[in-house]
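J.: Need a 3D model of the following:
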Amino acid sequence: MQHNTVYHQWVPQWLKLPLLILALFPHLMLLSLLHSNSAFTSSFMDVDSDGIQYLMILMYGTFVVTLLVIQRFMAYFSVKYYTLLMSSVSILILYGLSITSDYHVILVIRFLEGIFGVMEGAIFLPLIVAELKTKHAKEIAYTFMYTIILTGGTLTTSLMKSSIEDYDFKHMILMMVYFHVFVLIIAFAIFNKNRFFPKKPLYQLDITSWFLLWVCLQAGGYALIYGKRLMWFESDIIILCFLIFLLFGGLFMLKQRNQPRPFFHFEVFGSKNLIAGVILFFIFYILRASINNVYSIMATVWKWPWDYIVEIQYWNVAGSLLGVFLSALCITKGASSKLIFFTGFLILAIDCAWFTYTFYPDTTLQTICPPLFLQGVGQGLLFTPLVFFLISGMPEKYVANASAVGTATRFWTTAIGYALMQNLMLFLTLKHSDTLSSNFIDTNPVFYSQWNQIFGAHISKFPINESISMTAGAFKAKINAQAILLSNMEIFTGLFWLALITALVILLYHPVKIAVRNIM
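T.: Alright, predicted model coming up:
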């Protein structure tokens with residue numbers, strides 16, 4: 001069936017693509033919904049940053065497993081009824097989120113968002129590909145989607161800015177509801193009752209395997225997010241999560257191996273491109289996780305307001321847009337993956353080295369914005385080519401599975417990146433705090449001078465005991481801020497070496513391999 005038959009006859013050709021792109025955006029906003037302003041969300045739900053991060057991991061993990069069965073749902077309904085159903089459910093879920101502040105209820109809501117949020121948006125991607133009259137339609141559509149993924153957090157925050165500043169959490173969520181109502185209106189207005197895919201029954205869905213994989217991902221994600229707080233394997237909860245992760249992961253693999261119609265084919269792991277792509281994605285996401293450290297320094301050390309930080313993030317958005325544009329040119333012109341990956345990781349290596357020179361107690365926009373822009377260029381250049389490299393050469397029936405592996409890799413590296421940065425920051429901050437504190441003794445002239453200066457400012461206004469306490473608090477804050485900056489210098493130095501070694505391995509892998517083969 002021709003793709004244009006799913007539209008009403010009155011819909012002009014030039015209007016279809018813009019409306020499909022607009023309809024895709026609210027779905028991609030859901031991942032960053034509760035992260036638009038973490039402090040705002042934390043205060044509403046009375047949870048800390050770990051709780052907020054787990055809400056994202058919960059949705060992301062559900063998102064991953066839903067991708068494996070989504071094709072069956074899209075084939076069961078016509079485009080119109082599918083979009084109306086999924087958008088309506090998303091609206092109800094978001095409305096439910098707006099009327100509760102109970103964290104446990106919100107966990108259930110985020111699980112449902114992970115299912116219906118991805119289902120709502122997934123239908124628009126094949127429709128966009130069908131509307132692009134070019135041999136590079138798939139590349140262009142995926143490039144656009146990944147552009148929104150890279151920049152969506154900042155864009156979502158900007159769209160929600162007035163709700164966050166002037167209203168409450170409920171109004172912020174309701175504003176998101178309005179975007180999904182718009183999708184509902186688009187679906188009702190432009191689609192007819194015809195199908196885009198041949199109809200398939202729903203009764204053949206392997207719900208048991210879906211559940212086994214979901215539990216495996218959630219147990220592993222929970223252990224990574226809360227491991228630092230619970231002292232890792234000193235905690236019975238973390239041990240239990242690890243055992244559940246192994247048990248349910250093993251059961252999923254056994255069940256899929258013995259299924260006559262598995263929804264995941266383990267043959268995909270026979271592809272060298274997929275293995276190499278997963279490794280590169282893992283390194284890429286670890287490097288990408290470091291940008292949150294920079295934004296954290298802006299808030300905790302430099303004390304910049306959150307809305308000002310959002311404005312600064314547009315330097316990173318601008319870099320990402322340039323990087324994505326360059327990657328699209330490279331893909332359409334047939335540039336080698338080796339060249340793209342070497343350039344991208346080299347840019348990220350230079351960027352990490354650059355950041356180590358920006359971590360001072362006070363800084364300027366002229367200092368911090370150029371490396372933010374460069375980081376955006378590097379990640380924009382790498383993201384889409386990595387996805388296409390991962391699925392390249394894969395038989396058509398395995399492409400969906402390879403894409404799911406890529407999404408699962410992003411899930412794990414998001415969780416691992418968060419856990420790694422949290423643990424590194426804890427260890428290094430404590431180390432530097434102890435070192436700095438040991439230098440503050442009465443015989444140290446710098447300490448003596450600063451203590452007298454701060455104490456003198458307080459003693460003129462407050463009693464002596466209170467002045468001593470406030471002066472000690474001021475020194476503690478200074479030590480902590482300096483320890484955070486020194487820790488990030490070390491982290492970004494390590495990331496520089498990781499990115500540089502990755503770039504060099506990409507550059508030299510084939511020449512070295514050929515040389516070794518000739519010697520042998």
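J.: only C-alpha atoms for contact and neighbour calcs from this point on.
T.: Fine.
J.: What's the local residue count around residue 130?
T.: When neighbours are counted by other CA atoms under 10 Å, residue 130 registers 17.
J.: do the one 5 residues further on as well
T.: Neighbours of residue 135 under the rule other CA under 10 Å: 10.
J.: What distance do you get for it to residue 333?
T.: Per CA to CA, to the nearest Å, residue 135 is found 12 Å from residue 333.
J.: Please apply the same query to residue 173.
T.: Using CA to CA, we find residue 173 at a distance of 42 Å from residue 333.
J.: Repeat that for residue 295.
T.: Residue 295 is 35 Å from residue 333, by CA to CA.
J.: Of the two, which one has the most company?
T.: Higher neighbour count among residue 295 and residue 333: residue 295, with 18 against 9, using other CA under 10 Å.
J.: Can you tell me the closest non-neighbouring residue to that one?
T.: Leaving aside its chain neighbours, residue 295 sits nearest to residue 309 (7.2 Å; criterion: CA to CA, 6 or more residues apart in numbering).
J.: what residues are up against that neighbour?
T.: With contact taken as CA atoms under 8 Å, 6 or more residues apart in numbering, residue 309 is in contact with 295, 298, 299.
J.: Local confidence estimate at the first one?
T.: Per-residue confidence (pLDDT) for residue 295: 86.
J.: Can you tell me what sits against the helix or strand hosting it?
T.: Element membership for residue 295, per DSSP states H and E: helix 291-300. Applying CA under 8 Å, 6+ apart, the contact partners of helix 291-300 are 304, 305, 306, 309, 421, 481, 484, 485, 488.
J.: again, 7 Å this time
T.: 304, 305, 306 (CA atoms under 7 Å, 6 or more residues apart in numbering).
J.: Put together CSV for the residues you listed, with neighbour count and secondary structure on each row.
T.: Output for those, formatted as CSV (neighbours: other CA atoms under 10 Å; DSSP: H, G, I helix; E, B strand; the rest coil):
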residue, neighbour count, secondary structure
304, 14, coil
305, 11, coil
306, 16, helix
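J.: low-scoring stretches of the chain, by residue?
T.: Of all residues in the chain, those with pLDDT under 70 make up the ranges 1-4, 31-47, 160-169, 202-204, 393, 439-458, 460-462, 465-468, 470-473, 510-520.
J.: Got the domain ranges for it?
T.: Domain assignment for the chain by automatic domain parsing gives 1-206, 208-262, 273-520.
J.: which SSE is residue 260 in?
T.: Assignment of secondary structure by DSSP H and E places residue 260 within no helix or strand.
J.: Need the phi and psi values for it.
T.: Backbone dihedrals for residue 260, given as degrees, to the nearest 10, come out at phi -70, psi -30.
J.: same check, this time on residue 7
T.: According to degrees, to the nearest 10, residue 7 has phi -100, psi 150.
J.: Which of the residues in whichever strand or helix holds residue 126 are classified as buried?
T.: Assigned by DSSP H and E, residue 126 falls within helix 124-131. Within helix 124-131, the residues that qualify as buried by neighbour count (16 or more other CA atoms under 10 Å) are 124, 125, 127, 128, 129, 130, 131.
J.: With distance to residue 410 added, can I get those in CSV?
T.: Converted to CSV, the buried residues of helix 124-131 look like this (distance: CA to CA, whole Å):
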residue, distance to residue 410
124, 22
125, 19
127, 25
128, 24
129, 23
130, 27
131, 28
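J.: for the residue most central in space within the chain, what are its contacts?
T.: The chain has residue 414 as the residue nearest its centroid, 6.1 Å off, counting by CA atoms, centre = their mean. Residue 414 sits next to residue 285 when contact means CA under 7 Å, 6+ apart.
J.: Please tell me how far it sits from residue 290.
T.: Counting by CA to CA - residue 414 and residue 290 are separated by 11 Å.
J.: Could you check how far the helix holding residue 295 is from the centre of its chain?
T.: In terms of CA atoms, centre = their mean, to the nearest Å, the centre of helix 291-300 is set 16 Å apart from its chain centre.
J.: nearest to residue 496, of the buried residues of helix 124-131?
T.: Using CA to CA, residue 125 comes nearest to residue 496 of the buried residues of helix 124-131, at 35.6 Å.
J.: Doesn't residue 344 lie inside a helix?
T.: Yes. Assessed with DSSP: H, G, I helix; E, B strand; the rest coil, residue 344 lies in a helix.
J.: That one and residue 381 touch, don't they?
T.: Yes. Residue 344 is within contact range of residue 381, at 5.9 Å (criterion: CA atoms under 7 Å).
J.: picking that back up, figure out the helix or strand that the residue nearest to the centre of the chain lives in.
T.: Counting by DSSP H and E, residue 414 is part of helix 396-438.
J.: between that helix and helix 291-300, what angle do the directions make?
T.: Helix 396-438 and helix 291-300 meet at an angle of 40 degrees, taking axes from the mean of the first three to the mean of the last three CA atoms, to 10 degrees as the criterion.
J.: one step back: next secondary structure element downstream of the helix holding residue 126?
T.: Counting by DSSP H and E, what follows helix 124-131 is helix 137-166.
J.: As PDB, could you dump the C-alpha coordinates of the helix or strand just after that next one?
T.: Scanning forward in sequence from helix 137-166 by DSSP H and E, the next helix or strand is helix 169-190. C-alpha atoms of helix 169-190 as PDB (Å, rounded to 0.1, in the frame of the first residue of the first chain):
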ATOM      1  CA  PHE A 169       4.900  21.400  39.100                       C
ATOM      2  CA  LYS A 170       1.400  20.700  38.000                       C
ATOM      3  CA  HIS A 171       1.400  23.500  35.500                       C
ATOM      4  CA  MET A 172       4.700  22.300  34.100                       C
ATOM      5  CA  ILE A 173       3.300  18.900  33.400                       C
ATOM      6  CA  LEU A 174       0.000  20.300  32.000                       C
ATOM      7  CA  MET A 175       2.100  22.400  29.600                       C
ATOM      8  CA  MET A 176       3.500  19.100  28.300                       C
ATOM      9  CA  VAL A 177      -0.100  17.800  28.000                       C
ATOM     10  CA  TYR A 178      -0.900  20.600  25.600                       C
ATOM     11  CA  PHE A 179       1.900  19.500  23.300                       C
ATOM     12  CA  HIS A 180       0.400  16.000  23.200                       C
ATOM     13  CA  VAL A 181      -3.100  17.400  22.600                       C
ATOM     14  CA  PHE A 182      -1.600  19.000  19.600                       C
ATOM     15  CA  VAL A 183      -0.400  15.600  18.400                       C
ATOM     16  CA  LEU A 184      -4.000  14.300  18.900                       C
ATOM     17  CA  ILE A 185      -5.300  17.100  16.700                       C
ATOM     18  CA  ILE A 186      -2.800  16.400  14.000                       C
ATOM     19  CA  ALA A 187      -3.700  12.700  13.900                       C
ATOM     20  CA  PHE A 188      -7.400  13.400  13.800                       C
ATOM     21  CA  ALA A 189      -7.000  16.100  11.100                       C
ATOM     22  CA  ILE A 190      -4.600  14.600   8.500                       C
END
